[in-house]
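K.L.:
How does the following fold in three dimensions:
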Amino acid sequence: MTPRNLSLAVAAASGLAAIPASASTDTRLEELLVVDQKLEESIPLTLERYGNQVEVITAETIRQHSFVDVSDALKTLVPGLHMSPKNGPFDYFSASLQGARNKDILWLVDGVRINNRLYNNTSPLDTLPPHMIERVEVLKGGQGIFYGTQSVSGVVNIVSKDFSEEIGGAVGGGINSNDGSNLNGYARGALGAHQFVVYASQDHADGYTPFDDDAIQSSVTDTDRSYNVKSAGLKYAYNLSDDTRVSAMYQYTDADLDFARPALNKKTTNHREEGLTTLKLDSRLSDYAQLYFKGYLHEWDTYYTRIYNELDDNGNLTGGEVVLNDDAYWGYEDYGFNAMVELDFDGNFEYVLGFDQQNYSGVDEVWRIADQEETVNAVFAQLRTSEKLFENSLFALGVRNNRPSDADQSTVWNLTGKHDFSGGWYVQGNVGTSFRLPDAEELFLNEYYDLDGDGVPDNGWFAIGNPELEAEESENLNLSVGASFERFQFELTGFRRDVSNYISAYVPVTIGGVTGETFENSRDEVNIEGAELQTNWQMTDSLRGQFSYTWTGARLNDDGEQLNDIPERESKLSLNYRQPGSPWGLNFTTVHVGEINDRETRDSYTVADISGFLTLGSDQQHQLTLRLENIADAEYATDIGTANEDATGNSYLYRSLGMERTLHLGYSYRF
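P.N.:
Modelled structure (predicted):
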């Protein structure tokens, strides 16, 4: 194993909570298998070495905490990343990474984007069970050089089960007190030069009622938010030689996902069918050059059904139903390829050159967005210093030119660096530019119904896109200082991002005397600044803790109210107890989120979980896990929505509530 690969393994085995990879002292490699790390797979580690913040959650951590889905793990463990699933697992969520919105974060599976550029308000995590995951890598700060548009504030890369030279795997299952269950399994190994991984899972729950009692109208007959997610994947690799590998992956998901409503609802469901296909070539061309090529296809098809109960003129149920959507289609397709070569002539500099083509298309019969297509071609390059040029210092300068088919070209740049002092201290930074193109909703949304042609919306309300929108452009800076001692590590980070042409959502506009909503570029600059403190300490040989605190200010021109859905303050605490060599351990986590601006202010809240695990058998091949989620059964708002009263038809605001107290029990067998 090369020093670079060993470093990645150590970083990715960072124990029971996500902590700065540079500060990790936990070198247990129980679950992570790193065999000849390939060029694309090493990008996050390389970015960390050159001054970027990288957080890692391992499969073992997810398993020991009994997390139900990916967003559950991210919201609990990753410092600086605010996650707010609307109605529990496999649902829409709001997210903020260093003051960003959902659409400013790039979500990947094995390096392939899963949030479509044109339709980036879709939930990229509601079809991803945790059982398929090898690790989750979170890169903070602008990452536009390697990853392109949307990676304005960072990247979340979900890595599926990795290849292994040894035959092995696991099967497992679990239940929870929301009438939920899951079954999962995977196997991997090698036959000569052939390597394979196969995995599958099913997650189901009847769910809970995510509304306050006084918000639920008598017209609703389905208040619980349920889900049924089935996934399967197959990976194959063939080693043409010791230096060259060809690999392929296909993953398919079929999911039925409820959309809960507090009024009128009889049935509202998104039925998703998602396929992800990749083909990769990794090759060390010589002692000085490495190459990778990746082609991919991501298909996301959703069939939306919305059936309301019928009311009479007095607001009483008639026993009939109103079908508003019957398997209405909305979906998208992404495909493209990426090629990159890394050159290291054993001198003072290393060089990276690459080309990226991304093709997007999508259509929405629900929001009446016509079929849209876009192609983006991009070239990128990075110049890195080697360890020979500056003692204890590394720097990297990158540039990327993006040429969209339907917008002006844009060039972004990025400069990062890291310097290690004596005594375990270091300083690192990331400065550069980013841009985000408006999406299809912002450009082409058409919820304007004027069937009689009188110029007045038929339903007394409308929402439309603005095809004149310009791309957002931003300048960003991250600067960190930290230290790593024998039993204590910390990192303090300051960040700043100034955004011009900020796209404001749902701005009031009047047509035909009726007020509706549209989008516009703000004339004011949006300024996002904040600080993040992370600490990690080994109190005893058995007890370890992590604490993080994040403050974020996101405002127009550095003043005014905080932007919606972005908390000013959030803290996370994790305590992990396990005696060396012991077959059992305990985990305690708590997340505190400050007030959040929405249609009305969402109050601050604190949610605490406790979990434990017990391994049995001569090789500890059996594992039992028990988790109590939301110990105090705290009621907290994850979103503010609008509905209409049965009797009067008047609009009112209601809270969507986060997961109630839930007990999870799981079992797995490793072979």
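K.L.:
Can you list the low-confidence ranges for the stretch 1-150 of the chain?
P.N.:
For the stretch 1-150 of the chain, the stretches flagged by pLDDT under 70 are 1-37.
K.L.:
Could I get the full set of strands for it?
P.N.:
For the stretch 1-150 of the chain, applying DSSP state E, counting those that start in this stretch gives strands covering 54-58, 81-85, 93-97, 105-109, 112-113, 133-140.
K.L.:
Out of these, the one nearest T493 is which?
P.N.:
When the strands of the stretch 1-150 of the chain are compared by CB to CB, strand 133-140 sits nearest T493, at 8.0 Å. Glycine gets a C-beta too; all of them are placed from N, C-alpha and C.
K.L.:
I'd like the distance from the closest one to the chain centre, please.
P.N.:
On the basis of CA atoms, centre = their mean, to the nearest Å, strand 133-140 is displaced by 9 Å from the centre of the chain it belongs to.
K.L.:
Please enumerate the helices of the chain.
P.N.:
Listed in chain order, the helices found in the chain under DSSP state H are 3-12, 43-49, 59-65, 70-77, 144-147, 440-444.
K.L.:
Same list (those) but as CSV, adding mean neighbour count and distance to Y605.
P.N.:
Rendered in CSV, the data for these read as follows (neighbours: other CB atoms under 10 Å; distance: least, CB to CB, whole Å):
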stretch, mean neighbour count, distance to Y605
helix 3-12, 19, 31
helix 43-49, 24, 32
helix 59-65, 23, 20
helix 70-77, 24, 12
helix 144-147, 25, 33
helix 440-444, 22, 29
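K.L.:
Out of these, the one nearest L383 is which?
P.N.:
It's helix 144-147; of these, that one is closest to L383 (CB to CB) at 11.1 Å.
K.L.:
tell me which strands and helices that closest one is in contact with?
P.N.:
Counting contacts by 3 or more CB pairs under 8 Å, 6 or more residues apart in numbering; DSSP states H and E, helix 144-147 packs against strand 369-385, strand 393-404, strand 410-420, strand 425-436.
K.L.:
Now do it: everything it contacts.
P.N.:
Where contact means CB atoms under 8 Å, 6 or more residues apart in numbering, the residues beyond helix 144-147 that reach it are 43, 47, 106, 108, 113, 151-152, 155, 354, 380, 382, 398-400, 412-414, 432-435.
K.L.:
can you rerun that using 6 Å?
P.N.:
Helix 144-147 is contacted by residues 43, 106, 151, 155, 380, 398, 400, 412, 414, 434 when judged by CB atoms under 6 Å, 6 or more residues apart in numbering.
K.L.:
same thing with stretch 342-361?
P.N.:
Looking at what lies outside stretch 342-361 - CB under 6 Å, 6+ apart - the contacts are 39, 116-118, 288-290, 333-341, 373-382, 384, 386, 388-389.
K.L.:
on that earlier part again, deepest of the strands of the stretch 1-150 of the chain, which one?
P.N.:
Mean neighbour counts were taken over the strands of the stretch 1-150 of the chain using mean count of other CB atoms under 10 Å, and the top value, a mean of 27, falls to strand 54-58.
K.L.:
now for stretch 559-568, what's the gap between its first and last residues?
P.N.:
Its start and end residues considered, stretch 559-568 measures 13 Å (CA to CA, to the nearest Å).
K.L.:
Next, the buried residues of it.
P.N.:
Applying a neighbour-count criterion of 16 or more other CB atoms under 10 Å, one finds 562-568 buried in stretch 559-568.
K.L.:
out of those residues, who's nearest T550?
P.N.:
Nearest to T550, judged by CB to CB, of those is P567 at 8.3 Å.
K.L.:
Verify the stated contact: that closest one with D598.
P.N.:
No - in this structure P567 lies outside contact range of D598 using CB atoms under 6 Å: 10.9 Å.
K.L.:
Compare the strands of the stretch 1-150 of the chain and give me the one nearest L317.
P.N.:
Taking CB to CB as the criterion, strand 81-85 is the member of the strands of the stretch 1-150 of the chain that comes nearest to L317, at 30.9 Å.
K.L.:
tell me what the closest one is packed against?
P.N.:
In this structure, strand 81-85 packs against helix 70-77, strand 93-97, with contacts taken as 3 or more CB pairs under 6 Å, 6 or more residues apart in numbering; DSSP states H and E.
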